[in-house]
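Chemist: test case, fold it:
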Amino acid sequence: MLDFIRNTFQAASPAARTPSTHSNASKGPFDPKQQSDGFMTRVLIVVGTVLCVGLLLWFLWASISILLLSFGSVLFAVLLRAIGRIFCRISSKIPQKLAVTLALLLLIGLITGFVMLAAPRISEQASTLSSNLPAAVNKIESQLEETQWGHYIIDKVRSDASAPNLSRMTGYVGSFLGIVANTVVLLIAGFFLALDPNLYVNGFTRLFPIARRQRAREVVGCVVQQLEGWLLGQFIAMLAVGILTWAGLMLLGIPLALVLGVLTFILDFVPFIGPIVAAVPGVLLAVLQGPEMMLYVGLVYLGVQQVESYVVVPLVQQRTVSVPPVLVLLGALLGGVLGGLPGTIIAMPTLVTFMTLIQELYIKDALGDHQSTDEDK
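Modeler: This next block holds a predicted model:
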């Protein structure tokens, strides 16, 4: 009994509690060693995250051409699937893969037929264009030399043109071969992607948890549907612009109306920059026929663009994809900064893709807003 009381007092005494107190304090949350270890861990996590993000951004920047080519292949596959769906509606007995093959053959046939039928006339007009453009350029140069700022521009252009011809030719040949190789890769990759898209969609959805895979598949379907609508609307707008340009220039008596109309049709795919570039040859040719004809040709191009902006595009967007003009401008500028001309070309479909992802993943899933109003569109 006495031993029990003595042991109790010894345990309750301050001297007996001191080592325990120091021991517990050394292991408490204010231990400098633990604070140092926790701070270093957080620093390492932050530094590692920053490095990973930096490496990812560097990788994306270094492979921007591959990303653009891949997205172009996806866009071409969407086009083939959309045309193939038309064949399946005509006859339900046509398999999907055969329909895609027929769509590819149809595109090749249309391009080949157009070249065979219009090649003589286009070749004649192109030769006239190449022979008349130097005279138009010389006339413009003579007019510019009469002003101080025009003389400065001409000197600047001539100094740039005095670069070694061999290096310039090598650059042109390399650029041409690169365009041809990228086009072939785009067509082949897009065709095989269109033949069996489920193979790639299933592989993509497997990156998500099982409970979210069906939703991921739905989002992919929404993106494809929006891209199909944008392609349809863009083709209608390009066709209208090409026909109106050809008709207007033909009424003015411009002998190169066909080739200029085809050029406008093709370049109208590039937002903002394409129509301006397409108008340059027509305006240069009009210089040879006097300032009045140059004014009339300029009014034709300007009027066609106004008709496209205020008549064709609004009518088309009622049934397809509506993209705000400010976003189109910013998207084209950003695409040009990141990817040059290819980035500008695919800026619009990329913007449509991001708008669809924001609508489906953020507005609907994150915010829970499933209402579709005219203001949202």
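Chemist: quick one: residue 335 from residue 64, how far?
Modeler: 10 Å (Cβ to Cβ, to the nearest Å). From N, CA and C alone the C-beta is placed, and that goes for glycine too.
Chemist: comparing the two, which residue is more hemmed in?
Modeler: More neighbours surround residue 335 than the other of residue 335 and residue 64, with 22 against 15 (other Cβ atoms under 10 Å).
Chemist: ok, the more buried one - contacts?
Modeler: 343-347, 350 (Cβ atoms under 8 Å, 6 or more residues apart in numbering).
Chemist: most neighbours among those, which one?
Modeler: residue 347 (25 neighbours).
Chemist: need the contact list for it.
Modeler: 271, 328, 331-332, 334-336.
Chemist: grab the nearest non-local neighbour of it.
Modeler: residue 335 (3.2 Å; Cβ to Cβ, 6 or more residues apart in numbering).
Chemist: please apply the same query to residue 303.
Modeler: Nearest one to residue 303, counting by Cβ to Cβ, 6+ apart, is residue 248 at 7.2 Å.
Chemist: I'd like the average pLDDT over stretch 290-309.
Modeler: Per-residue pLDDT values over stretch 290-309 give a mean of 87.
Chemist: buried set for it?
Modeler: Within stretch 290-309, the residues scored as buried using 16 or more other Cβ atoms under 10 Å are 293-294, 296-297, 300-301, 304-305, 308.
Chemist: next: stretch 85-95.
Modeler: Buried residues in stretch 85-95, defined by neighbour count with 16+ other Cβ under 10 Å: 87-88.
Chemist: quick one: contacts of it?
Modeler: Contacts with stretch 85-95, where a contact means Cβ under 8 Å, 6+ apart, come from 96, 98-99, 102-103.
Chemist: swap in stretch 206-219?
Modeler: Applying Cβ under 8 Å, 6+ apart, the contact partners of stretch 206-219 are 201, 204-205, 356-357, 360-361, 365.
Chemist: of those residues, closest to residue 139?
Modeler: Set against residue 139, the nearest of the contacts of stretch 206-219 by Cβ to Cβ is residue 356 (49.4 Å).
Chemist: so, low pLDDT: which residues of the stretch 101-250 of the chain?
Modeler: Applying pLDDT under 70 to the stretch 101-250 of the chain flags the ranges 118-119, 121-122, 124-126, 128-130, 132-133, 136-137, 140, 143-146, 148-176.
Chemist: which stretches in it count as strands?
Modeler: Using DSSP state E, counting those that start in this stretch, no strands are found in the stretch 101-250 of the chain.
Chemist: tell me how many other residues crowd residue 321.
Modeler: Neighbours of residue 321 using other Cβ under 10 Å come to 23.
Chemist: SS state for it?
Modeler: coil (DSSP: H, G, I helix; E, B strand; the rest coil).
Chemist: how close does it get to residue 352?
Modeler: Per Cβ to Cβ, residue 321 is found 6 Å from residue 352.
Chemist: between the two, which contacts overlap?
Modeler: 226, 230.
Chemist: about what we covered before: now do the contacts for the residue nearest to residue 303.
Modeler: Going by Cβ under 8 Å, 6+ apart, residue 248 touches 300, 303-304.
Chemist: list only buried entries from the contacts of residue 347.
Modeler: Among the contacts of residue 347, those scoring as buried are 271, 331-332, 335-336 (criterion: 16+ other Cβ under 10 Å).
Chemist: columns distance to residue 43 on top of the residues you listed, output as JSON lines?
Modeler: Shown next, in JSON lines, are the buried ones among the contacts of residue 347 (distance: Cβ to Cβ, whole Å):
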{"residue": "271", "distance to residue 43": "46"}
{"residue": "331", "distance to residue 43": "38"}
{"residue": "332", "distance to residue 43": "41"}
{"residue": "335", "distance to residue 43": "38"}
{"residue": "336", "distance to residue 43": "39"}
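Chemist: make CSV out of those and add distance to residue 180, pLDDT and secondary structure.
Modeler: As requested, those are exported to CSV (distance: Cβ to Cβ, whole Å; pLDDT from 0 to 100; DSSP: H, G, I helix; E, B strand; the rest coil):
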residue, distance to residue 180, pLDDT, secondary structure
271, 24, 80, coil
331, 27, 81, helix
332, 25, 80, helix
335, 22, 80, helix
336, 22, 79, helix
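Chemist: just the contacts of residue 347 now: which is nearest residue 242?
Modeler: Residue 242 lies nearest to residue 271 out of the contacts of residue 347, by Cβ to Cβ, at 15.9 Å.
Chemist: the closest one and residue 282: what is the separation?
Modeler: On the measure of Cβ to Cβ, residue 271 and residue 282 end up 20 Å apart.
Chemist: export the contacts of stretch 206-219 to JSON lines and tack on distance to residue 312 and neighbour count?
Modeler: Shown next, in JSON lines, are the contacts of stretch 206-219 (distance: Cβ to Cβ, whole Å; neighbours: other Cβ atoms under 10 Å):
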{"residue": "201", "distance to residue 312": "33", "neighbour count": "15"}
{"residue": "204", "distance to residue 312": "35", "neighbour count": "13"}
{"residue": "205", "distance to residue 312": "37", "neighbour count": "19"}
{"residue": "356", "distance to residue 312": "23", "neighbour count": "20"}
{"residue": "357", "distance to residue 312": "27", "neighbour count": "14"}
{"residue": "360", "distance to residue 312": "28", "neighbour count": "18"}
{"residue": "361", "distance to residue 312": "32", "neighbour count": "14"}
{"residue": "365", "distance to residue 312": "35", "neighbour count": "14"}
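Chemist: turn the residues you listed into CSV, including distance to residue 41.
Modeler: Shown next, in CSV, are the contacts of stretch 206-219 (distance: Cβ to Cβ, whole Å):
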residue, distance to residue 41
201, 40
204, 35
205, 35
356, 40
357, 35
360, 37
361, 32
365, 33
